[in-house]
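Engineer: Structure for this input, please:
(2 chains)
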Amino acid sequence: MSSNIGLPGADQGTLQVNFNYDWNDLQDLRSEGTSLSDDSRQRETHSLLLELGYSFSSKFSVDLFVPVIRQERTIISPLGSIDFDKSEGLGDIVILPKYALSDKMIIGVGAKIPTGKANKTSDGFTLNADLQPGSGAVDGILYFAYSDYFNSRKSLGYFGTAIFRNTGKNNSYLGSSTYQFGNEFQLIVGVADRFVISKFQVDPSLKLRYRKAGRDFFDDNEFPGSGGTFLFINPGISMVISPSFSWQVNTSFPLHAFVNETQLSPTIQINTGFLFRVNLKQNKIGL
Amino acid sequence: MKYLLKTTLLLVLVGCSPEDVPPPAGPISGGSGSDWLISKSQVLDGGPGKDGIPALEDPEMLGIGSAGLEYLDDEDLVLVYKSGSEVKAYGHPVLDWHEVINDKIGKDYVAITYCPLTGTGMGWGREINSEITTFGVSGLLYETNLIPYDRLTDSNWSQMLNKCVNGSLSGRKPEFFNLIQMNYGALRSIYPKALVTTSNTGHNRSYNQYPYAQYKTNDNFLFPISTKDQRLHPKELVRGVQENDSYIAFTFPLTENRSVVVREFAGEEIVVFADKSTGIMVSFFNTELEGTKLEFTLMNVEGSELILKDQLGNRWDLFGKAKQGPNIGHQLEVPYSYIGYWFSWATFYPGIELHE
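Structural biologist: Just a heads-up that it's a prediction; the model follows:
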């Protein structure tokens, strides 16, 4: 979810509303760096993501990220029967105040607040931590973004985003135990260009996303089968429908995955939605 | 194409409530009902889900030295069952990934159940209500111990409680088959004609890689347990014995390699043989033969299934059967007992007596 955090910079008084649907599919059962070619397990996360951003000045803005999450686990038994479990609800809200160091660099320091439930049950049994919509913990978030363009082609931009999530501890996991997801670091670099096709501005982009997740901790002990290192390629496209309104779709495919012990690893992620901008101070809509 | 279709479907669903996505059938624990003989709040979802750890059915078993057994090192533990002259061995490295193996050994239909989190292995009869069935892995844990389910009635069974704890068979105990745990090196010496589970299981798994990191030796638990007993390291292997409401755990000898312990337990005399180098520890109830209480002494024959001798001249094997001597064929009574991590016996049976 962290990779979705962070709206672009905007003029003072601008409210940005970004509404997305995100589907993250994990079907690749891996043992460390090796795919086990096993089709019996699937984990899916469907999310509706509402991100609100308001620029108090040309330098200072705040993003609020509100997810509604549905976690699914599907198992196909060796005999062909299907076992399905799910949880759904409000996820953990993220607040990210940001400061523009220049017109190219933005830094942010925020927090993830445990608004999502972390004790959901299925058939009366508490689901384990990674099937919960919330984490039950406060996380700290550091954010850095840089963007610029090539002089040779002004419409061709390049950018980089680094996000570090320092995870907190859920002190009431399964009643009286503790659970802490591993710290997470993501580095995203990419390029985006702009074309005009039949009156519409179309912005294709291509990103590389590196993600490193540390091991989870259960009662302060390392939890096997958690954490790993991943590299994704993310092609995407954005279309400007009106000066205030754009639609985007982004995809993510793994190029490399190394998991600790054995885990399901991401297969594909698709994110699509709309970005709406309005300048409240000037009382006009603009992009 | 698979992803294209799925993606198209999902894009159509954008804007719908997540609840609009139709789920396939089947809750977490099958259709066994909500009544449990154990505290349901202590039954936890282990993570992989029902059948997420796939039980094996009638697995390929080949003789020692065959291709497909390279995953086993001499130090790896195996669970051994003997029926008549047929000996079958099930490697922990395969059981770590599958936990239940449904097999037929001689005339016995047996489910080999092994919980890698408690280190406990035992055999259960697969005949229920006069029908042969199989067991699967429910994905649930009680006191961090395996809960298999039977595929005839979808009832859930606690491995270490050795009984059905949920479903139409609640309260029923399975037929218990005594398995002998030993390392593969010992198996090769003692039972060179044994058949062993190969890595050709029909599932692509890294059998030469232990799936739980340092769990076997560290002092961590993956799920909460109700009682922690500090008398031993939690992962020390002990042989626990149950008789009526009495429980006792035996450790491997600290100094000598082989030992035999004879002591009173639950009003009976119990005999425990242990061999540290092979990982073998077995237990029997003593008996009288021809009006004589047997007195056992060690047989120091390496690589033999014969482990004890008595004053009558009998030679006894690992399964408690007289293989030589005047009472050849006599079977000593084997108590309900098996090897497991110390913490598992201590949490299932708080205050268990410890014989060190």
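
Engineer: For residue B:292, see how far away residue B:310 is.
Structural biologist: As judged by C-beta to C-beta, to the nearest Å, residue B:310 and residue B:292 stand 9 Å apart. Heads up, the C-betas are built off the backbone N, CA and C, glycines and all.

Engineer: Of the two, which one has the most company?
Structural biologist: residue B:310 (21 against 11; other C-beta atoms under 10 Å in any protein chain shown).

Engineer: For the more buried one, which non-adjacent residue is spatially closest?
Structural biologist: residue B:294 (4.5 Å; C-beta to C-beta, 6 or more residues apart in numbering or on different chains).

Engineer: quick one: contacts for that neighbour?
Structural biologist: Applying C-beta atoms under 8 Å, 6 or more residues apart in numbering or on different chains, we find residue B:294 in contact with B:286-288, B:310-312, B:314.

Engineer: State the helix or strand in which residue 110 lies.
Structural biologist: I'll assume chain A. strand A:105-113 (DSSP states H and E).

Engineer: I was thinking of chain B, sorry if that wasn't clear
Structural biologist: Residue-wise, residue B:110 maps onto strand B:108-115 under DSSP H and E.

Engineer: same thing with residue A:258?
Structural biologist: Per DSSP H and E: strand A:245-259 holds residue A:258.

Engineer: Contact distance from chain B - what residues of the stretch 151-287 of chain A qualify?
Structural biologist: For the stretch 151-287 of chain A, the contact set with chain B under C-beta under 8 Å from any C-beta of the partner chain comprises A:174-177, A:218-219, A:221-225, A:260-262, A:268, A:270, A:272-273.

Engineer: For PyMOL, write the selection for the buried entries among those.
Structural biologist: Typed into PyMOL, the line below selects the buried ones among these, using 16 or more other C-beta atoms under 10 Å in any protein chain shown:
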select buried, chain A and resi 174+218+219+221+222+223+224+225+260+261+262+268+270+272+273
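
Engineer: Now do the helix or strand encompassing residue B:101: everything it contacts.
Structural biologist: Assessed by DSSP H and E, residue B:101 sits inside strand B:100-105. Residues outside strand B:100-105 that contact it (C-beta under 8 Å, 6+ apart): B:55-59, B:61, B:81, B:83, B:86, B:88, B:90, B:94-95, B:109-114, B:126, B:134-137, B:146, B:148, B:197.

Engineer: Now, the residues you listed that are in helices?
Structural biologist: B:94-95 (DSSP state H).

Engineer: from the contacts of strand B:100-105, which are also near chain A?
Structural biologist: Residues of these in contact with chain A (C-beta under 8 Å from any C-beta): B:55, B:57, B:136.

Engineer: which one of those residues is nearest residue B:208?
Structural biologist: Checking those against residue B:208 with C-beta to C-beta, the nearest one is residue B:55 at 20.7 Å.

Engineer: Nearest residue to the residue positioned nearest the centre of chain B in space, please, no chain neighbours.
Structural biologist: Closest to where the C-alpha atoms of chain B average out (C-alpha atoms, centre = their mean) is residue B:121, at 0.9 Å. The shortest distance from residue B:121 to any residue other than its chain neighbours is 4.1 Å, reached at residue B:114 (C-beta to C-beta, 6+ apart).

Engineer: in the stretch 151-300 of chain B, which spans are helices?
Structural biologist: B:184-190 (DSSP state H, counting those that start in this stretch).

Engineer: What residues does it have near chain A?
Structural biologist: For the stretch 151-300 of chain B, the residues in contact with chain A (C-beta under 8 Å from any C-beta) are B:151, B:202-206, B:209, B:211-215, B:218, B:220-224.

Engineer: neighbouring contacts of the strand holding residue B:110?
Structural biologist: Residues contacting strand B:108-115 (C-beta under 8 Å, 6+ apart): B:79, B:81, B:83, B:90, B:92, B:95-96, B:99-104, B:120-127, B:132, B:134-135, B:145-146, B:148, B:159-160, B:177, B:179, B:344.

Engineer: Report pLDDT for residue A:122.
Structural biologist: Looking at residue A:122, its pLDDT reads 88.

Engineer: How many residues are close by it?
Structural biologist: 18.

Engineer: Does it touch residue B:49 like I think?
Structural biologist: No: applying C-beta atoms under 8 Å, one finds residue A:122 not in contact with residue B:49, separated by 9.6 Å.

Engineer: any low-confidence regions in the stretch 1-150 of chain A?
Structural biologist: A:1-3 (pLDDT under 70).

Engineer: near chain B, which residues of it?
Structural biologist: Close to chain B, as judged by C-beta under 8 Å from any C-beta, the stretch 1-150 of chain A has residues A:21, A:23, A:25, A:31-32, A:34, A:36-38, A:40-41, A:46, A:48, A:68, A:70, A:72-79, A:81-86, A:88, A:122-128, A:130-131.

Engineer: Buried only: go through those residues for me.
Structural biologist: If we count by 16+ other C-beta under 10 Å, these have these buried: A:21, A:23, A:25, A:31, A:36, A:38, A:40-41, A:46, A:48, A:68, A:70, A:72-78, A:81, A:83-86, A:88, A:122-123, A:125-128, A:130-131.

Engineer: Could you list the residues in contact with stretch A:257-265?
Structural biologist: A:26-33, A:35-36, A:41-43, A:215, A:224-231, A:254, A:266, B:205-206, B:209, B:211-213.

Engineer: mind listing what residue B:38 touches?
Structural biologist: Contacts of residue B:38 by C-beta under 8 Å, 6+ apart are B:142, B:158, B:161, B:165.

Engineer: so after the helix or strand where residue A:53 lies, what's the next helix or strand?
Structural biologist: Using DSSP H and E, residue A:53 falls within strand A:41-55. As assigned by DSSP H and E, the chain's next helix or strand after strand A:41-55 is strand A:60-76.

Engineer: ok, back up a step: make a ChimeraX selection of the buried ones in the contacts of residue B:38.
Structural biologist: Applying 16+ other C-beta under 10 Å to the contacts of residue B:38, the buried members can be selected in ChimeraX as follows:
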select /B:142,158,161,165
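
Engineer: Mind checking which of the contacts of residue B:294 land in strands?
Structural biologist: B:288, B:310 (DSSP state E).

Engineer: As CSV, the contacts of residue B:294 with pLDDT would be great.
Structural biologist: What follows is these, written out as CSV (pLDDT from 0 to 100):
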residue, pLDDT
B:286, 94
B:287, 91
B:288, 90
B:310, 96
B:311, 95
B:312, 95
B:314, 96
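
Engineer: Closest one to residue B:353 out of the contacts of residue B:294, please.
Structural biologist: residue B:286 (17.9 Å).

Engineer: Now do the contacts for the nearest residue to the closest one once chain neighbours are set aside.
Structural biologist: Nearest residue to residue B:286, sequence neighbours excluded (C-beta to C-beta, 6+ apart): residue B:269, at 3.9 Å. By C-beta under 8 Å, 6+ apart, the contact set of residue B:269 is B:262-263, B:285-286, B:293.

Engineer: Please report the distance of residue B:269 from residue A:118.
Structural biologist: For residue B:269, the distance to residue A:118 (C-beta to C-beta) stands at 53 Å.

Engineer: Buried among the contacts of residue B:269? Make that a ChimeraX selection.
Structural biologist: The ChimeraX command for the buried members of the contacts of residue B:269 (criterion: 16+ other C-beta under 10 Å) is given here:
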select /B:285,286
